[in-house]
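Participant: Fold the stuff below for me.
(one chain, ligands or ions: 1)
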Amino acid sequence: MSTLELQDIQGIIVRGYSNLEAASFVLLSIQNAVSARHWLGSLVDRIQNGHDRPSDTCLNLAFTCDGLKALGLDQATLDTFSTEFREGMTPPYKSRVLGDHGDNAPALWDWGSGIHSPSIHIMLMLYAADEGKLISFYDELANAFGSGGVALIRKLDTFMLKDEHGGFREHFGFRDAIGQPIVEGLSKTGSPDNTIKAGEFILGYPNEYGLLTETPTVSAQRDRQNLLPEGQNGPEEHDLGRNGSYVVFRQLGQKVQAFWQFLDGVTQQSDGTSDPKARVQLASKIVGRWPSGTPLVQAPDRDQSKLGDKNEFAYHHADPHGFKCPLGAHIRRSNPRDSLDPQPGTPKSIAINKTHRLLRRGRTYGKPVADSLNPQDMLKAEETGERGIHFICISANIARQFEFVQQTWLNNPKFNGLYSDTDPLVGDRAPGGVGTANAFTAQAQPVRNRVMGLPNFVVVRGGAYFFLPSIRACRYLASLSI
Ligand code: HEM
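Facilitator: Got it, this is the predicted structure:
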């Protein structure tokens, strides 16, 4: 196992900064490359590394491909980045891959499509112990935007939802951020089935295939100060990617009342009255966990909050037919664990699954519809304003990890033997733009329960692919000369 160079790795790969509850994601465009490089150089020493645990404020930063170009990175070097990063999230064929059509089409996004706002170049990820500290931290950084040759495009604020046990919730009311992979080489340890090679999330280390994931490089002549380590293929190339990674950012708006109203409607009793218990049960089948986080596969009949943070379970032997946790539930699709064909329930199945894991670092935004996050209160309240998740995931290979999960698992109507269901929580109801796949099936005996006509509960509001450089690579980028 290789030792991770934590001092050079940006901290967001290593931890989600859950102690820093306030956060903003600041999208910038470069107006003047020379000033921007100078400004970047002044920030490098402030970038939070993965070795130290911040207690007050911290900064991480990432670039789009347009951003690297605007900063002055030459075309030959840009060509060494992965295709999906270079092409971005919005070419028409990519919208088909991701299911971004209809209400989710990039043309309707608030940012990231390049239509309504200038192209995004840089994302600053700011975290602080409280809102006051975040505001001062932002103000201090923003003071230097003008002289630093960068302009603000959008500041995406966040609002953390917590339950009485200190767990993080999302706006539908469910506990979130439980199912995470353990990165081999970091201090946290756990089940081998959930321990993933560092190279799946950090460039420059062996991945689940025992190989080094492809990494961007510069020719040695373009790094005369030797700021970067030697490349994987010898001294002619220097490694721009090592200790860095890719970040997928999607702003996902949540239609909270539409979610609960729909569930209320389909679970009503024969006399037309609501059935709160059945409503929450169906919602939990959709997620695959109860609101407390308790996995359905471990507690199919009722929520048991003491199991709320359980993450060591598999599906095939415990629940091969989906009677406990439906085969198409959100967590069973986004991380099928041991249920993948052709040999479910075997180490082979787990090995395939390990090549499609995501390190989620998202944050919720917007005030909750009801502070209690109780469905009854959410149904009664007036839904005003915007809310959702700034979905952020880190992966060394965007195509094999994020895009694969989105296309082949979440938006696949034929996933796991189903035929017209996509992910009931976040799925595209018209995959490929043809026909509808708006069913949700909860397997049961003697007959399954099939709900039809699911609307979209989540709508994409913006998004982009970013490169999260190592701290050395940030220093290199700041030193570029055109
Ligand atoms: C607004 C949109 C979304 C909501 C409300 C949502 C909600 C949830 C919830 C409640 C959980 C269970 C808690 C946990 O296991 O950590 C979960 C897990 C998960 N979600 Fe989502 N999610 C959203 C979008 C997405 C997207 C777009 C993806 C991937 C492309 C995704 C991937 C995952 C993964 C990988 C897990 C962990 C599964 C596991 O390890 O068992 N989610 N999500």
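Participant: Okay, strands next: where are they in the stretch 101-250 of the chain?
Facilitator: 122-128, 150-157, 161-162, 168-169, 182-183, 195-196, 217-219, 230-231, 234-239, 245-254 (DSSP state E, counting those that start in this stretch).
Participant: pLDDT of the fifth one, averaged?
Facilitator: Averaging pLDDT along strand 182-183 gives 98.
Participant: Please name the strands paired to that strand in the sheet, noting orientation.
Facilitator: Neighbouring strands of strand 182-183 in its sheet, by DSSP bridges, are strand 195-196 (parallel).
Participant: Run the chain-centre distance for the strand it pairs with.
Facilitator: 18 Å (Cα atoms, centre = their mean, to the nearest Å).
Participant: do the same with stretch 467-481
Facilitator: 23 Å.
Participant: What residues sit buried inside that stretch?
Facilitator: 467-478, 480 (16 or more other Cβ atoms under 10 Å). (C-beta placed from N, C-alpha, C; glycine too.)
Participant: Mind putting those into CSV with pLDDT, secondary structure and distance to Lys197?
Facilitator: Listed next are the buried residues of stretch 467-481 as CSV, based on pLDDT from 0 to 100; DSSP: H, G, I helix; E, B strand; the rest coil; distance: Cβ to Cβ, whole Å:
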residue, pLDDT, secondary structure, distance to Lys197
Phe467, 99, strand, 20
Leu468, 99, strand, 18
Pro469, 98, coil, 21
Ser470, 98, coil, 18
Ile471, 98, helix, 22
Arg472, 98, helix, 22
Ala473, 98, helix, 21
Cys474, 98, helix, 25
Arg475, 98, helix, 27
Tyr476, 98, helix, 26
Leu477, 98, helix, 27
Ala478, 98, helix, 31
Leu480, 95, coil, 32
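Participant: okay if I get the strands of the stretch 101-250 of the chain as CSV plus distance to Asp338?
Facilitator: Formatted as CSV, these follow (distance: least, Cβ to Cβ, whole Å):
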stretch, distance to Asp338
strand 122-128, 34
strand 150-157, 36
strand 161-162, 31
strand 168-169, 26
strand 182-183, 16
strand 195-196, 14
strand 217-219, 37
strand 230-231, 37
strand 234-239, 35
strand 245-254, 25
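Participant: Of these, which is nearest the ligand?
Facilitator: Of all the strands of the stretch 101-250 of the chain, it is strand 245-254 that lies closest to the ligand, at 3.9 Å by Cβ to the nearest ligand atom.
Participant: Output the contacting helices and strands for that closest one.
Facilitator: When contacts are defined as 3 or more Cβ pairs under 8 Å, 6 or more residues apart in numbering; DSSP states H and E, strand 245-254 sits against strand 388-395, strand 458-468.
Participant: Get me the contact residues on the stretch 101-250 of the chain for the ligand.
Facilitator: Within the stretch 101-250 of the chain, the residues that sit near the ligand (Cβ under 6 Å from any ligand atom) are Glu170, Phe172, Phe174, Asp176, Ala177, Ile178, Gly179.
Participant: Return the member of those residues nearest to the ligand.
Facilitator: Gly179 (2.3 Å).
Participant: and the residue lying farthest from the centre of the chain, backbone torsions?
Facilitator: Each residue of the chain has a distance to the centre, and by Cα atoms, centre = their mean the biggest one is for Asp271: 41.9 Å. Dihedral pair for Asp271: phi -90, psi 10, per degrees, to the nearest 10.
Participant: Quick one, which of the helices and strands packed on strand 245-254 gets closest to Asp371.
Facilitator: Closest approach to Asp371 among the helices and strands packed on strand 245-254 (Cβ to Cβ): strand 388-395, 17.1 Å.
Participant: residues touching the residue in the stretch 1-150 of the chain that the ligand sits nearest to, list them.
Facilitator: Closest approach between the stretch 1-150 of the chain and the ligand, counting by Cβ to the nearest ligand atom: Leu98, at 9.0 Å. Counting by Cβ atoms under 8 Å, 6 or more residues apart in numbering, Leu98 touches Met89, Glu403, Gln406, Gln407, Asn411.
Participant: what about 6 Å?
Facilitator: Contacts for Leu98 (Cβ atoms under 6 Å, 6 or more residues apart in numbering) come out as Gln406.
Participant: try Arg332
Facilitator: Gly288, Cys325.
Participant: what about the closest residue to Cys393 other than its chain neighbours, how many residues close to it?
Facilitator: Computed as Cβ to Cβ, 6 or more residues apart in numbering, the closest residue to Cys393 that is not its neighbour in sequence is Leu358, at 4.2 Å. Other residues near Leu358 come to 23 when the count uses other Cβ atoms under 10 Å.
Participant: cool, Met160 as well?
Facilitator: Residues near Met160, counting by other Cβ under 10 Å: 14.
Participant: On the pLDDT front, check Ala430 for me.
Facilitator: 82.
Participant: Apologies, that question was intended for Pro424.
Facilitator: Confidence score, pLDDT, at Pro424: 97.
Participant: again with Ile120
Facilitator: Reported pLDDT for Ile120: 97.
Participant: who does the closest residue to it other than its chain neighbours bridge with?
Facilitator: Excluding its sequence neighbours, the residue lying closest to Ile120 (Cβ to Cβ, 6+ apart) is Leu27, at 4.9 Å. Taking DSSP bridges as the rule, Leu27 bridges to Met123, Arg154.
Participant: Quick check, Leu27 in contact with Ala151.
Facilitator: No: applying Cβ atoms under 6 Å, one finds Leu27 not in contact with Ala151, separated by 10.0 Å.
Participant: Neighbour count for those two, which is higher?
Facilitator: Leu27 (23 against 14).
Participant: Distance of the more buried one relative to Trp109?
Facilitator: Distance of Leu27 to Trp109, computed by Cβ to Cβ, to the nearest Å: 12 Å.
Participant: Also Glu164?
Facilitator: 36 Å.
Participant: between these two, who's got more neighbours?
Facilitator: Between Glu164 and Trp109, counted using other Cβ under 10 Å, the more crowded position is Trp109 (24 against 6).
Participant: Just list whatever residues bridge to the closest residue to the more buried one other than its chain neighbours.
Facilitator: In this structure, Trp109 finds its nearest non-sequential neighbour in Gly462, 4.6 Å apart by Cβ to Cβ, 6+ apart. Judged by DSSP bridges, the bridge partners of Gly462 are Trp111, Gln251.
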